[in-house]
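# turn this into a model:
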Amino acid sequence: MGVFDKCKPLIGVVHLPPLPGSTGYRTRRYPPRLGKLWSLEDIIEYAVSEASVYEEAGFEGVILENYGDTPYPKNPGLMQVAAMTRIVREVASRLNIPIGVNMLRNGSVEALASAYSGGGSFIRINSLCETRLSPEGIIEPDAARLAKSLALLGILEERRIEMLADVDVKHSYPLAETNIAQTVRDCIERSGVPIAAIVITGHATGGPPDTDEVVTAARTAAEYDVKTIVGSGISQLNLSKYWHIADGFIIGSSIKLGGKPWNPIDKEKARLLASLAERLRRITEGC
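This is a model prediction of the structure:
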């Protein structure tokens, strides 16, 4: 993951309020209790503020996610993409760490469009290679769409935008029995997309993955020089447990006020987690 300056980066998630084009925009309160109705200008300032907290705490990257856009379409609409692009541009212009994009439910091309035009450095894809059953319906792999878009834009030659691909993504289920090692192998070999890292999560937002599954996935990915990121459930209590297994960490719920993803960041929790990561780097060979 060459876009990050340090080994084993911490990537903080900014869970955005409902964007223009979603059913909740200016009609649904966010957070759900005692929240407000957000305009696009409000969302932009919130995104910049929350992303800045991560940077000041010592995180190595930030990922912007359209978390508030429930019910998620399988692919986000034009207005959501346009809004996200503007948000990415504002955040990227004010911060000095890499900015990423995740467009729920499975908008890899839409995330790429926002990152490319907004100045982002990486994207997260929820289902690049798998067919999954989810609350949003059957999610089909997005590899063909993404590979075509990468080729058309010539992104890999122009500048680096790295691809982080979920495997066995949370809030979804396989349609048949799967093997994590073979799933990782198939995705890397057959997607046609240059994957910088696979992402392993628990079964739900804020839930940690099974350590044996992370070990198996990481060993398989390493055969192809692909990194492994733990994408949910990391906190100050368990970072050390996963530190020597994974190559990076996407963190959100555990450092939000009350442990809820829709709440603002708890600055002290973010600072303590980043400090722990820095101490672990100092005793890790190669860091």
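
# would you state the strands of the stretch 51-200 of the chain in chain order?
Using DSSP state E, counting those that start in this stretch, the strands of the stretch 51-200 of the chain run over 61-65, 99-102, 122-125, 132-134, 137-139, 162-167, 173-174, 195-200.

# to Gly258, which of the ones you listed lies closest?
Set against Gly258 and scored by Cβ to Cβ, the strands of the stretch 51-200 of the chain come closest in strand 61-65, at 18.4 Å. The C-beta positions use only the backbone N, C-alpha and C, and glycine is treated the same way.

# and the residue nearest the centre of the protein?
By Cα atoms, centre = their mean, the chain has its centre lying nearest to Arg124, at 4.8 Å.

# residues in contact with that residue?
63, 65, 100-102, 111, 164-166, 199, 231, 250 (Cβ atoms under 8 Å, 6 or more residues apart in numbering).

# go again with 7 Å.
The neighbours of Arg124, taking Cβ atoms under 7 Å, 6 or more residues apart in numbering as the test, are 63, 100, 102, 164, 166, 199.

# from Ser253, how far out is it?
Going from Arg124 to Ser253 by Cβ to Cβ, to the nearest Å gives 16 Å.

# likewise for Leu175?
Distance check for Leu175 against Ser253: by Cβ to Cβ, it reads 28 Å.

# which of those two has more residues huddled nearby?
Ser253 (21 against 11; other Cβ atoms under 10 Å).

# report how many residues lie close to the nearest residue to the more buried one once chain neighbours are set aside.
Closest residue in space to Ser253, ignoring its immediate chain neighbours: Gly206 at 3.6 Å, by Cβ to Cβ, 6 or more residues apart in numbering. Gly206 has 18 neighbours, counted by other Cβ under 10 Å.

# now do the same contact list for Gly206.
Applying Cβ under 7 Å, 6+ apart, we find Gly206 in contact with 232-233, 253-254, 259, 261.

# contacting residues around Trp38?
Going by Cβ under 7 Å, 6+ apart, Trp38 touches 17-18, 26, 30.

# which of those tops the neighbour count?
Neighbour-wise, the contacts of Trp38 (other Cβ under 10 Å) top out at Pro17, 27 neighbours.

# grab the nearest non-local neighbour of Leu257.
Asn263 (4.1 Å).

# now the contacts of Arg124 as JSON lines including pLDDT and neighbour count?
Below are these laid out as JSON lines (pLDDT from 0 to 100; neighbours: other Cβ atoms under 10 Å):
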{"residue": "Ile63", "pLDDT": "98", "neighbour count": "26"}
{"residue": "Gly100", "pLDDT": "98", "neighbour count": "25"}
{"residue": "Asn102", "pLDDT": "98", "neighbour count": "27"}
{"residue": "Leu164", "pLDDT": "98", "neighbour count": "24"}
{"residue": "Asp166", "pLDDT": "98", "neighbour count": "26"}
{"residue": "Val199", "pLDDT": "98", "neighbour count": "29"}
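
# from what I can see Ala47 touches Leu16, true?
Yes - the pair Ala47 / Leu16 is scored as a contact, 6.2 Å apart, by Cβ atoms under 7 Å.

# list residues touching both of these two?
By Cβ under 7 Å, 6+ apart, the residues touching both Ala47 and Leu16 are Leu64.

# looking at the strands of the stretch 51-200 of the chain, spot the one closest to Arg145.
The nearest among the strands of the stretch 51-200 of the chain, by Cβ to Cβ, is strand 122-125 at 10.2 Å.

# residue ranges with poor pLDDT in this protein?
155-159 (pLDDT under 70).

# tell me where it has helices.
Under the criterion DSSP state H, helices of the chain are mapped to 40-57, 78-94, 108-118, 143-153, 155-158, 180-190, 211-222, 239-243, 267-282.
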